[in-house]
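Engineer: Predicted model follows, preceded by the sequence.
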Amino acid sequence: MNTTKWIRLALAAILALGMAGAGAKTYNAGSYGAKGDGVTLNTKAIQAAIDAAAKDGGTVVLSPGTYLSGSIFVKNGVTLQVDKGVTILGSQRIEDYPVMPTRIAGIEMSWPAALVNVYEQKNAAITGAGTIDGDGKIFWDSYWTLRKTYEPRGLRWASDYDAKRPRLIQVFNSSQVKVGGGLLLRRSGFWTLHICYSTDITVDGVVIRNNEGGRGPSTDGIDIDSSKKILVQNADIAVNDDALCMKAGRDSDGQRVNRPTEDVVIRDSIVRDGAAGVTFGSETAGGFRNIEAYNITVLDKVPVGILFKSAHTRGGFGENLRLHDFTMKGTPVVIRITMNWNPSYSYAEIPKDIKDYPPYWKALATPVPREKGIAHFHDVRIWNIQATGATTAFEVDGYKEVPLDRFSLANLDIEAEKGGHIYDVKAWKFTETKLRLKQPVAIEDASAVKGLPAGSAVVGPAPPKEDPSKKSFEEQDKT
């Protein structure tokens, strides 16, 4: 199915969902005991309203107020309507988030449920102009405490998995789900909106603000994980990690699952803060196929505009990826591609003196042969990129045995201090490219890169690789 036809079908499904909801019975959670005083724990009351609505496909509403809650689960046919003046506030007690099977950072494991969940359901919605607030600082602080004890022991890779933190919204193994309508998503304890193993999902009109009261580690914006037929549009994002991110599994466990992320459209969105504007990886094991991102604005607090990242144990592929019509204003690095990302996190090795460890450590540390571990990115198109005030245009590092192959770049207009470098690539073609650089682009093999403007590139040796483990904790999280 071509992209245009799929978008039309997705929009028709949204309209049908809205028409179905228009005649549905409304259930006010207040009738089931919910109190919007910001103090009463309302998990059971809100869930009771959802369960009642599930009997006839109704809509759950809340009167204006702040509703403290643990994990709630939106059911088949139910719309959770969070209207303006309503805040669902996440409990700061981890025991209020039941541990359930899921996938976290590319590994299948049990993990606390999100604050709001669509878990193995169909035809559900979370919508409205109200607020879902994770109040996540207590979970950010617990992560840093654990990581500062793990890092000196060579366990940087384990800290993200052992520090159990709730996501804000999880859509897991579900279909025909809508999230949006002007929702404000704040202060997530971990990833904000995680779409995993799901199909026919629309995210339309969300504002994400995670950098309030601190900068939470791994507070990604929207993560699309081994899912297909996904439409994301009209998002406004400020986070402390990847903003709009494609994922598909990590290392041996991700290769075992072997589910790609495919048929995705991301458009008409702005990234104000985060680690990158649009990201592929680092969980690449299942691969990426037929993904398009366009009309994206990336601002100066975001270190990288377009980011591809993987590691030599991940595996996977990327093909038919199309990124176009990006505007970057003061974004330091325009395009970064690294196939050896953050080694202290990417490569797990269990110290010999540790004998008792959770089973997911074994999954993380299972060796992957190099011939199966390097991701194959090929047939990528990037065009209509307008970047001003950049520090570096390109930071591109593949592997010689598996070069980054057949990238087509057209209508780039980049103003940057440095050209940067393009290494370990094959059949890269630039057309109608304008580069305003104070230092040229370094390329290792002149035959591999065609079409750069005269005088904008030189042949030179690869720069020394920077070891992210030597950076501060905060710097590493924005690598």
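Structural biologist: Yep, it's here. Residues are numbered from 1 along each chain as shown.
Engineer: wait, K228 sits on T261?
Structural biologist: Yes - when contacts are counted by Cβ atoms under 8 Å, K228 is listed as touching T261 (7.0 Å). For every residue, glycine as well, the C-beta is placed using N, CA and C.
Engineer: Looking at the two, which one has more neighbours?
Structural biologist: More crowded of K228 and T261, by other Cβ atoms under 10 Å: T261, with 30 against 20.
Engineer: for the more buried one, what are its contacts?
Structural biologist: 224-228, 230, 246-248, 286-289, 291 (Cβ atoms under 8 Å, 6 or more residues apart in numbering).
Engineer: Now for those residues: which two are most distant?
Structural biologist: Comparing every pair within the contacts of T261 by Cβ to Cβ identifies I230 and G287 as the most remote, at 15.1 Å.
Engineer: where exactly do the helices run in this structure?
Structural biologist: Secondary structure of the chain (DSSP state H): helices located at 3-22, 43-53, 137-150, 156-162, 251-257, 343-346, 359-365, 370-373, 473-476.
Engineer: Can you tell me which of those has the worst average pLDDT?
Structural biologist: Among the helices of the chain, helix 473-476 has the lowest mean pLDDT, at a mean of 46.
Engineer: Count the neighbours of I94 for me.
Structural biologist: Neighbour tally, I94, other Cβ under 10 Å: 16.
Engineer: now do E95
Structural biologist: 9.
Engineer: that older thread, got a winner among the contacts of T261 for most neighbours?
Structural biologist: A248 leads these on contacts (other Cβ under 10 Å) with 32 neighbours.
Engineer: That one is in contact with G287, isn't it?
Structural biologist: Yes - with contact defined as Cβ under 8 Å, A248 counts as touching G287 (5.8 Å).
Engineer: So for these two, which residues contact both of them?
Structural biologist: 260-261, 316.
Engineer: could I get the residues you listed as a markdown table with pLDDT?
Structural biologist: What follows is the shared contacts of A248 and G287, written out as a markdown table (pLDDT from 0 to 100):
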| residue | pLDDT |
| --- | --- |
| P260 | 98 |
| T261 | 98 |
| G316 | 98 |
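Engineer: Just these: which are in strands?
Structural biologist: T261 (DSSP state E).
Engineer: ok, so of the shared contacts of A248 and G287, who is nearest I132?
Structural biologist: Distances from I132 to the shared contacts of A248 and G287, taken by Cβ to Cβ, are shortest for T261, at 24.1 Å.
Engineer: before we move on, back to that, in JSON lines: the contacts of T261, plus distance to V61.
Structural biologist: Conversion of the contacts of T261 to JSON lines gives the following (distance: Cβ to Cβ, whole Å):
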{"residue": "I224", "distance to V61": "29"}
{"residue": "D225", "distance to V61": "30"}
{"residue": "S226", "distance to V61": "33"}
{"residue": "S227", "distance to V61": "28"}
{"residue": "K228", "distance to V61": "32"}
{"residue": "I230", "distance to V61": "27"}
{"residue": "M246", "distance to V61": "34"}
{"residue": "K247", "distance to V61": "33"}
{"residue": "A248", "distance to V61": "36"}
{"residue": "G286", "distance to V61": "38"}
{"residue": "G287", "distance to V61": "41"}
{"residue": "F288", "distance to V61": "38"}
{"residue": "R289", "distance to V61": "39"}
{"residue": "I291", "distance to V61": "35"}
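Engineer: Can you tell me which of those is closest to V302?
Structural biologist: The closest of the contacts of T261, once distances to V302 are taken by Cβ to Cβ, is M246, at 16.7 Å.
Engineer: Count residues in the vicinity of the closest residue to A105 other than its chain neighbours, would you?
Structural biologist: For A105, ignoring the flanking residues on the chain, the nearest one in space by Cβ to Cβ, 6 or more residues apart in numbering is D160 at 5.7 Å. As a burial measure, D160 scores 20 neighbours (other Cβ under 10 Å).
Engineer: now D160: how far from S344?
Structural biologist: D160 sits 12 Å away from S344, going by Cβ to Cβ, to the nearest Å.
Engineer: go on, G182?
Structural biologist: Counting by Cβ to Cβ, the gap from G182 to S344 is 40 Å.
Engineer: Equivalent analysis for W111, please.
Structural biologist: For W111 relative to S344 (Cβ to Cβ), the value is 22 Å.
Engineer: now K450
Structural biologist: In terms of Cβ to Cβ, K450 sits 36 Å off from S344.
Engineer: again, but for L452
Structural biologist: Per Cβ to Cβ, L452 is found 34 Å from S344.
Engineer: residue boundaries of the strands in the stretch 101-250 of the chain?
Structural biologist: 107-112, 116-119, 122-127, 131-133, 169-172, 175-186, 193-196, 199-209, 222-225, 228-238, 242-247 (DSSP state E, counting those that start in this stretch).
Engineer: ok and the first one relative to helix 137-150, angle-wise?
Structural biologist: Strand 107-112 and helix 137-150 meet at an angle of 130 degrees, taking axes from the mean of the first three to the mean of the last three Cα atoms, to 10 degrees as the criterion.
Engineer: wait, what's in contact with L185?
Structural biologist: 131-132, 168-169, 192-193, 206-209.
Engineer: For it, which non-adjacent residue is closest in space?
Structural biologist: Counting by Cβ to Cβ, 6+ apart, the residue nearest L185 is I208, at 4.7 Å.
Engineer: among the strands of the stretch 101-250 of the chain, which is the most enclosed?
Structural biologist: Compared across these, strand 242-247 shows the largest average neighbour count, a mean of 29 (mean count of other Cβ atoms under 10 Å).
Engineer: Averaged pLDDT, that strand. What do you get?
Structural biologist: pLDDT averaged over strand 242-247 gives 98.
Engineer: Where does the prediction get shaky in the protein?
Structural biologist: 1-23, 462-479 (pLDDT under 70).
Engineer: again, only this time at 50
Structural biologist: 15-22, 467-470, 472-476, 478-479 (pLDDT under 50).
Engineer: Next, the buried residues of the longest strand along it.
Structural biologist: The single longest strand within the chain, with elements called by DSSP E, is strand 376-397. Residues of strand 376-397 classed as buried: 376-380, 382-387, 390, 392-397 (neighbour count, 16 or more other Cβ atoms under 10 Å).
Engineer: Dump that strand to PDB, restricted to CA.
Structural biologist: Output of strand 376-397 as PDB, limited to C-alpha atoms (Å, rounded to 0.1, in the frame of the first residue of the first chain):
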ATOM      1  CA  HIS A 376      22.600  -2.300   7.100                       C
ATOM      2  CA  PHE A 377      21.300   1.200   6.200                       C
ATOM      3  CA  HIS A 378      20.700   1.700   2.500                       C
ATOM      4  CA  ASP A 379      18.400   3.500   0.100                       C
ATOM      5  CA  VAL A 380      17.800   6.600   2.200                       C
ATOM      6  CA  ARG A 381      16.600   9.900   0.700                       C
ATOM      7  CA  ILE A 382      17.100  13.200   2.500                       C
ATOM      8  CA  TRP A 383      16.000  16.400   0.800                       C
ATOM      9  CA  ASN A 384      14.900  20.000   1.300                       C
ATOM     10  CA  ILE A 385      16.900  20.600   4.500                       C
ATOM     11  CA  GLN A 386      17.300  24.200   5.500                       C
ATOM     12  CA  ALA A 387      19.800  24.700   8.400                       C
ATOM     13  CA  THR A 388      21.200  27.900   9.700                       C
ATOM     14  CA  GLY A 389      23.600  28.600  12.600                       C
ATOM     15  CA  ALA A 390      24.900  25.000  12.800                       C
ATOM     16  CA  THR A 391      28.300  24.000  14.200                       C
ATOM     17  CA  THR A 392      28.800  20.900  12.000                       C
ATOM     18  CA  ALA A 393      27.000  19.800   8.800                       C
ATOM     19  CA  PHE A 394      27.800  16.100   8.800                       C
ATOM     20  CA  GLU A 395      29.100  13.500  11.300                       C
ATOM     21  CA  VAL A 396      28.900  10.200   9.400                       C
ATOM     22  CA  ASP A 397      30.600   7.000  10.500                       C
END
